[in-house]
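>>> Quick one, fold the following:
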Amino acid sequence: MKRRWLLLAAPLLMGQAKPVLVPDVSQRDIEIAYSFTGAELLLFGAILYPGGRVPSERDAEIVVVVKGPAQPILVREKQKIAGIWVNAARMRYLSAPSFYAIASSKPIDQLVDGRTRAIYELGLDSLQLSPASNTPTNDQSRFAKGLVELKRRNALYYEAPRAVEITDGVLYRARVRIPARVPVGRFTAETFLIRDGRVLAAAVRDIDIRKSGFERFVARAAERDSFFYGLTAVALSVMFGWGAGWIARRF
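Sure thing, here's the model as predicted:
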């Protein structure tokens, strides 16, 4: 009798199991040299359904988010006074993603509600920024929009709806463009499986972006020996300035 009950309950237990994501990226290490003009990451993977069940039709959607390391940032608002643009109000953020790209199989507002977007930071309007001071909500909203717009112009923040391709409801792939001016550090590629407005599964892969060659030497020198690096930079500036003046006098 007990064995029979277990056999009857097995399909119900299998029905409660959730799919599992198996993601990967085409490059886990990106080196930036003087000739670096950007890179294109291919994010791909598979959806493993419980019991090996392959859905007859696509019943889930995929969202991929690539984030750069968080960093403090100061946003200044410019105003035109007497025909001259000057810095007016400003807001400092303790933490903001240095890079943010989101690709999805459908527009994100069609997949989840505002609360879920805020929890998982799905979309540029759902980023959880950390202002350094308590300011009115209207001011926070205005500066947040300004920050996102500035990052957009430099191709450091962007959204790509319908950029994720899903094949046979099992395999998925998406491409994310890494601009030439991308900051260095540890990046994360997060993949979310969404069905009926709920996040069923999530997985993360790390991506390291670092400088190489002479650029790496300069970056390390500036970080480890900032005083001597500053002196060297000033000395080189004076030397090149003197050299340019000498050439101008000679010719």
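
>>> Quick one: the strands in this structure, in order.
Using DSSP state E, the strands of the chain run over 20-25, 29-32, 39-48, 61-67, 70-81, 84-97, 100-104, 130-131, 157-161, 165-167, 171-178, 185-195, 198-211.

>>> the inter-axis angle of the last one versus strand 20-25?
Taking axes from the mean of the first three to the mean of the last three CA atoms, to 10 degrees, one finds strand 198-211 and strand 20-25 inclined to each other by 20 degrees.

>>> quick revisit: any chance of the strands of the chain in a markdown table, plus mean neighbour count?
In short, each C-beta sits where N, CA and C put it, glycine included. Shown next, in a markdown table, are the strands of the chain (neighbours: other CB atoms under 10 Å):
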| stretch | mean neighbour count |
| --- | --- |
| strand 20-25 | 16 |
| strand 29-32 | 16 |
| strand 39-48 | 18 |
| strand 61-67 | 24 |
| strand 70-81 | 12 |
| strand 84-97 | 14 |
| strand 100-104 | 25 |
| strand 130-131 | 14 |
| strand 157-161 | 17 |
| strand 165-167 | 13 |
| strand 171-178 | 19 |
| strand 185-195 | 20 |
| strand 198-211 | 15 |
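
>>> Turn the ones you listed into a markdown table, including mean pLDDT and distance to residue 151.
Formatted as a markdown table, the strands of the chain follow (pLDDT from 0 to 100; distance: least, CB to CB, whole Å):
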| stretch | mean pLDDT | distance to residue 151 |
| --- | --- | --- |
| strand 20-25 | 92 | 22 |
| strand 29-32 | 80 | 19 |
| strand 39-48 | 92 | 18 |
| strand 61-67 | 96 | 12 |
| strand 70-81 | 82 | 9 |
| strand 84-97 | 82 | 8 |
| strand 100-104 | 96 | 7 |
| strand 130-131 | 84 | 16 |
| strand 157-161 | 94 | 4 |
| strand 165-167 | 92 | 26 |
| strand 171-178 | 93 | 14 |
| strand 185-195 | 94 | 15 |
| strand 198-211 | 91 | 16 |
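
>>> Can I get these in CSV including distance to residue 144?
Listed next are the strands of the chain as CSV, based on distance: least, CB to CB, whole Å:
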stretch, distance to residue 144
strand 20-25, 29
strand 29-32, 28
strand 39-48, 26
strand 61-67, 17
strand 70-81, 9
strand 84-97, 9
strand 100-104, 13
strand 130-131, 9
strand 157-161, 12
strand 165-167, 31
strand 171-178, 23
strand 185-195, 21
strand 198-211, 24
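
>>> Quick one: closest of those to residue 119.
Closest to residue 119 of the strands of the chain is strand 198-211 (CB to CB; 8.4 Å).

>>> same for that closest one, what does it pack against?
For strand 198-211, the elements it packs on are strand 20-25, strand 29-32, strand 39-48, helix 114-120, strand 185-195, helix 214-224, judged by 3 or more CB pairs under 8 Å, 6 or more residues apart in numbering; DSSP states H and E.

>>> hey, what's the residue nearest to residue 146 when sequence neighbours are not counted bridged with?
Leaving aside its chain neighbours, residue 146 sits nearest to residue 75 (5.8 Å; criterion: CB to CB, 6 or more residues apart in numbering). Residue 75 has these beta-bridge partners by DSSP bridges: residue 91.

>>> Return the distance of residue 75 relative to residue 92.
Distance of residue 75 to residue 92, given as CB to CB, to the nearest Å: 8 Å.

>>> Same question for residue 124.
20 Å.

>>> Dump stretch 169-183 to PDB, restricted to CA.
What follows is stretch 169-183, C-alpha atoms only, in PDB (Å, rounded to 0.1, in the frame of the first residue of the first chain):
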ATOM      1  CA  GLY A 169      12.000  25.900 -25.700                       C
ATOM      2  CA  VAL A 170      15.300  24.500 -24.400                       C
ATOM      3  CA  LEU A 171      18.300  26.300 -25.900                       C
ATOM      4  CA  TYR A 172      18.800  30.100 -25.700                       C
ATOM      5  CA  ARG A 173      21.400  32.600 -26.900                       C
ATOM      6  CA  ALA A 174      22.000  36.300 -26.700                       C
ATOM      7  CA  ARG A 175      24.700  38.800 -27.700                       C
ATOM      8  CA  VAL A 176      25.800  41.700 -25.600                       C
ATOM      9  CA  ARG A 177      28.100  44.400 -26.900                       C
ATOM     10  CA  ILE A 178      31.000  45.500 -24.600                       C
ATOM     11  CA  PRO A 179      32.100  49.100 -25.600                       C
ATOM     12  CA  ALA A 180      35.700  50.200 -25.900                       C
ATOM     13  CA  ARG A 181      35.400  52.500 -22.900                       C
ATOM     14  CA  VAL A 182      34.200  49.700 -20.600                       C
ATOM     15  CA  PRO A 183      35.700  49.800 -17.000                       C
END
